[in-house]
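Trainee: coords please:
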Amino acid sequence: MKLEFNLNLDDILNATGGKAVKLGTHLVFNEVFIDSRVLFSENSIFFALKGKNFNGEDFVDKLFKTGCPCAVVSWDFLEKNNISEYAEKTIITVEDTLYAYGLLAKKYLSLFNLQHKIAITGSSGKTTVKEMLYVILSKYFGENCILKNKYNYNNQVGIPNTIFELNSGHKLLILEIGTNKKGEIEKLSNIINPDVGAIINIGKSHLEEFINLEGVLQEKYSMVSNMPSGSYFIINADDALLAGRYKYKTDAGINFISFGAKNADLTYKNIEFNADAEGFMYFELVYNGEIYKAKLKPNGLHFIYDFMCAMLAANICGVDFRSGIEAIESFELPKGRMEIISENSNNSIIINDSYNSNPTSLKAAFNAIRDTYPDKKKILVLGDMLELGESAETEHFKAGEEAAKIADYVFYTGNYSKFLTDGLICSGFNPDKIILFNNKKDFQEKLAAADKTGSVILFKGSRGMQLENFIDLVEK
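Mentor: Here you go, the predicted model:
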């Protein structure tokens, strides 16, 4: 990424804690990159990141030979390469190149005088809240004033990448931050030092790493440790674990603000799902004694929670409620999240919610189609929820119990089919309406035999299941 401000060698060494083991002729830089395949300038730095299936240090030699003046590498690089061969090149060594990449982004972020730095986390809904907030702030301040991370690039690579895109025209930074390993939220929030933080919910996500809900809470809540005094922290008061934190307000200097059904700073009431011909749901928000009428195109209670979180963050940034409510009317969900693919001639609707799945988001999707389409048959096309660790079997059984409450048919693929099926049957679901499939052809043939007239067909599974690839097999 091209940088607006130059970084000299001392800036880089001080930020990363690195050591210059070889000095070249270029000691001032205005570009940072991590992909050896991209074009780069003569004033660029390459960070040789390492992953399970790649090692950026394997490409340093080629990059030096094609003009890159500087590389940040691990100490291992020195053991495997003769650095005396790289005349006029600068080599910086660090313990961990990924961590150093984040620390340099932290330094670069400090060069900008932003009005607010907003960090959003939670077990589900992060991207939706981020995109809602972006729509509201863009309508109010102008698109060029707002920077957000693209898609769901919310990890230790995506966050620095976004920060390096900053320019002096930006006034507000919106970042969703995710985690699947202990300590990632702390590292990311240390890079950002947000003055507006939000936790949407605490759900059963990545339990393979975090073990239980308390482990998820500790990971998400670690954001607070890197928020300066006077910051604003937005939490879901209806989340049992978060509500306890809000009740006692144990973090000195942090302004807690909550949203929820009741006993919160911002509440909702009088929901009408699918209230008009355009498919909006209507509801009311209550804040500081004022009642505001609102409408939102995506239907489902969890989207009202997402909007309340986004609206509170926008209000902290200076947006009044009426402006925020007007702006959100144009909001459309990101692809793969309760996305209405088609409304067919047989009066059926296909919904793509295949982006990801965990117990929290799965239940929210079930509730959304139940509330939005009460008169339609419910056909669920489901896949495994991944990264649940020792809880996987239990959570898939519970998912079967939840599915039994609304489903007319359940199609399933994945390794946990037995447990979901057991949950369905134990809840009294008709075994003849449980259809397992292994591949596209198998699915297409079995779905074709089901009566889909007047139905809503929901596709939902973890990212690794790639259920979006099955949607086109539904007869239109």
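
Trainee: for stretch 153-167, give me every contacting residue.
Mentor: Residues outside stretch 153-167 that contact it (C-beta atoms under 8 Å, 6 or more residues apart in numbering): 1, 3-4, 32, 34, 49, 98-99, 101-102, 104-106, 108-109, 112, 126, 147-150, 152, 173, 175-179, 184, 187-188, 191-192. Where C-beta positions appear, they are placed from N, C-alpha and C, glycine not excepted.

Trainee: what subset of the residues you listed is buried?
Mentor: The neighbour-count criterion (16 or more other C-beta atoms under 10 Å) marks 1, 3, 32, 34, 49, 98, 101-102, 104-106, 108-109, 112, 126, 147-149, 152, 173, 175-179, 184, 187-188, 191-192 among the contacts of stretch 153-167 as buried.

Trainee: now, which of those lie within helices?
Mentor: 98, 101-102, 104-106, 108-109, 126, 184, 187-188, 191-192 (DSSP state H).

Trainee: ok, now which ones touch N358?
Mentor: Listed by C-beta under 8 Å, 6+ apart, the contact set of N358 reads S123, S124, G203, K204, S205, H206, M385, L388, S462.

Trainee: show me the helices in the stretch 151-300 of the chain, by range?
Mentor: Counting by DSSP state H, counting those that start in this stretch, one finds helices in the stretch 151-300 of the chain at the ranges 158-163, 184-192, 207-210, 213-221, 240-248.

Trainee: let's have these in CSV, adding mean pLDDT and distance to V60.
Mentor: As requested, the helices of the stretch 151-300 of the chain are exported to CSV (pLDDT from 0 to 100; distance: least, C-beta to C-beta, whole Å):
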stretch, mean pLDDT, distance to V60
helix 158-163, 97, 19
helix 184-192, 97, 24
helix 207-210, 85, 31
helix 213-221, 92, 34
helix 240-248, 72, 45
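
Trainee: can you put those in JSON lines and add distance to T16?
Mentor: Putting the helices of the stretch 151-300 of the chain into JSON lines (distance: least, C-beta to C-beta, whole Å) gives the following:
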{"stretch": "helix 158-163", "distance to T16": "12"}
{"stretch": "helix 184-192", "distance to T16": "12"}
{"stretch": "helix 207-210", "distance to T16": "27"}
{"stretch": "helix 213-221", "distance to T16": "25"}
{"stretch": "helix 240-248", "distance to T16": "33"}
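
Trainee: show me this structure divided up by domain.
Mentor: Domains of the chain are assigned by automatic domain parsing as 2-98, 112-328, 339-473.

Trainee: for the shortest one, what is the average pLDDT?
Mentor: Averaging pLDDT along domain 2-98 yields 94.

Trainee: okay, now L78: neighbour count?
Mentor: The local packing of L78 (other C-beta atoms under 10 Å) involves 14 other residues.

Trainee: and it, what is it in contact with?
Mentor: Residues counted as contacts of L78 (C-beta under 8 Å, 6+ apart) are V21, T93.

Trainee: going forward, begin numbering at 829 instead of 1
Mentor: Taking 829 as the first residue, the last one we looked at is L906.

Trainee: check which helix or strand covers it.
Mentor: Assessed by DSSP states H and E, L906 sits inside helix 904-908.

Trainee: give me whichever of the helices of the stretch 979-1128 of the chain is most buried.
Mentor: When neighbours are counted by mean count of other C-beta atoms under 10 Å, the highest per-stretch mean among the helices of the stretch 979-1128 of the chain falls to helix 986-991, a mean of 23.

Trainee: would you agree A1231 is in contact with G1251?
Mentor: Yes - shown here, A1231 and G1251 form a contact pair, counting by C-beta atoms under 8 Å, at 7.5 Å.

Trainee: the two: who's more crowded?
Mentor: Higher neighbour count among A1231 and G1251: A1231, with 25 against 21, using other C-beta under 10 Å.

Trainee: now name the helix or strand holding the more buried one.
Mentor: Remark: A1231 resides in helix 1220-1232, with elements defined by DSSP H and E.

Trainee: can you check N1266 too?
Mentor: Applying DSSP H and E as the criterion places N1266 outside every helix and strand.

Trainee: what residues are up against it?
Mentor: Counted by C-beta under 8 Å, 6+ apart, N1266 has contacts T1241.

Trainee: how far away is it from N1243?
Mentor: When C-beta to C-beta, to the nearest Å is applied, the distance between N1266 and N1243 equals 11 Å.

Trainee: among the contacts of N1186, which are in strands?
Mentor: Judged by DSSP state E, strands contain none of the contacts of N1186.

Trainee: out of these, who's nearest S1189?
Mentor: For S1189, the closest of the contacts of N1186 turns out to be S952, at 4.0 Å, with distances computed as C-beta to C-beta.

Trainee: how far away is that closest one from K1163?
Mentor: As for S952, its distance to K1163 is 16 Å (criterion: C-beta to C-beta).

Trainee: compare those two (neighbour count), which wins?
Mentor: The neighbour comparison of S952 against K1163 (other C-beta under 10 Å) goes to S952, with 25 against 11.

Trainee: quick check on that one: phi, psi?
Mentor: Recorded main-chain torsions at S952 are phi -150, psi 150, according to degrees, to the nearest 10.

Trainee: do the same with the one 4 residues further on
Mentor: Backbone torsions of T956, given as degrees, to the nearest 10, read phi -60, psi -50.

Trainee: what about the closest residue to it other than its chain neighbours, helix or strand, and which?
Mentor: Using C-beta to C-beta, 6 or more residues apart in numbering and skipping the chain neighbours, the partner closest in space to T956 is D1134 (4.8 Å). Mapping D1134 onto the secondary structure by DSSP H and E places it in helix 1129-1144.

Trainee: buried ones in the helix or strand that contains K1206?
Mentor: Under the assignment given by DSSP H and E, the secondary-structure element containing K1206 is strand 1205-1211. Residues of strand 1205-1211 classed as buried under the neighbour-count rule (16+ other C-beta under 10 Å) are K1205, K1206, I1207, L1208, V1209, L1210, G1211.

Trainee: distance of the fourth one relative to H1130?
Mentor: Think L1208. 17 Å.

Trainee: partners of the closest residue to Y1201 other than its chain neighbours in the sheet?
Mentor: For Y1201, ignoring the flanking residues on the chain, the nearest one in space by C-beta to C-beta, 6+ apart is V1284 at 4.6 Å. Under DSSP bridges, the beta-bridge partners of V1284 are I1177, K1206.
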